[in-house]
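**Q** fold the following for me, if possible:
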Amino acid sequence: MEEWDYSEGFWRFVIGLLLIFLAASFFGYAYSLHNPENTLRIVRKLAEHIGSPPSSDLRTFLRIFTNNVSVAILSVISGLVFGIGPWLIMAFNGFVAGIVVGFVTETGRYSFTQTMLGLVPHGIIEIPALSIAGAAGIIWYREIVYGEGKGAERFKRGMKKALTLLALSVLLLLIAALIETYVTPKVSGIG
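**A** Next up is the predicted model:
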């Protein structure tokens with residue numbers, strides 16, 4: 001089995017994607033404070049997209065897990081578009097998260113602390129997992145463009161690396177979805 005060297009930028013990409021998410025979440029939070037009307041429209045659209053909460057914890061878990069895995073797969077595939085897709089996906093998700101946090105705290109329904117407790121327990125696993133998926137897409141793209149050998153070899157080698165990282169991401173997303181479904185509501189008092 002071919003050994004893979006993580007010095008290819010993997011950690012740099014993961015950390016960069018995490019930083020993009022955090023920066024975008026701060027922008028989203030600030031946006032929500034300065035544009036309450038637009039924020040309300042965005043949150044309503046988001047609520048329409050998400051729909052009402054499913055009736056059972058198992059359905060909630062499956063909805064969260066499948067949504068996050070879909071984002072991870074999209075992030076890997078979007079990495080093939082000049083390596084920029086994952087950056088845009090993380091920025092978008094961070095911005096939306098910031099808007100939601102700003103909206104929820106500004107409406108006074110939940111305190112900032114409660115809101116953070118509603119995000120942090122699963123978010124400390126979920127966001128890095130999505131960053132790993134994004135890094136996988138970037139690495140696949142970079143292997144195709146900068147790797148050694150013929151095009152088909154580079155594509156397959158990059159795909160193998162990306163799928164290995166995607167598998168790790170999916171495992172972490174499974175854990176995050178379990179925490180989000182069964183732990184986060186109890187810790188935060190939101191559920």
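**Q** give me the element the most centrally placed residue in the chain is part of.
**A** Central residue of the chain (Cα atoms, centre = their mean): Leu130, 4.0 Å from the mean position. Using DSSP states H and E, Leu130 falls within helix 112-146.
**Q** show me what secondary structure element comes after that helix.
**A** According to DSSP H and E, the helix or strand after helix 112-146 is helix 151-182.
**Q** buried stuff in whichever helix or strand comes after that next one?
**A** Using DSSP H and E, the next helix or strand after helix 151-182 towards the C-terminus is helix 184-188. By 16 or more other Cβ atoms under 10 Å, the buried positions in helix 184-188 come out as 184-185, 188. Every residue, glycine included, has its C-beta placed from N, CA and C.
**Q** with stretch 136-153 instead?
**A** 136-144, 147.
**Q** distance check, Leu174 against Phe103.
**A** Using Cβ to Cβ, to the nearest Å, Leu174 is found at 28 Å from Phe103.
**Q** tell me which of these two has more neighbours.
**A** Phe103 (21 against 16; other Cβ atoms under 10 Å).
**Q** can you pull the pLDDT of the more buried one?
**A** Here the pLDDT value assigned to Phe103 is 90.
**Q** I am finished for the moment; much appreciated.
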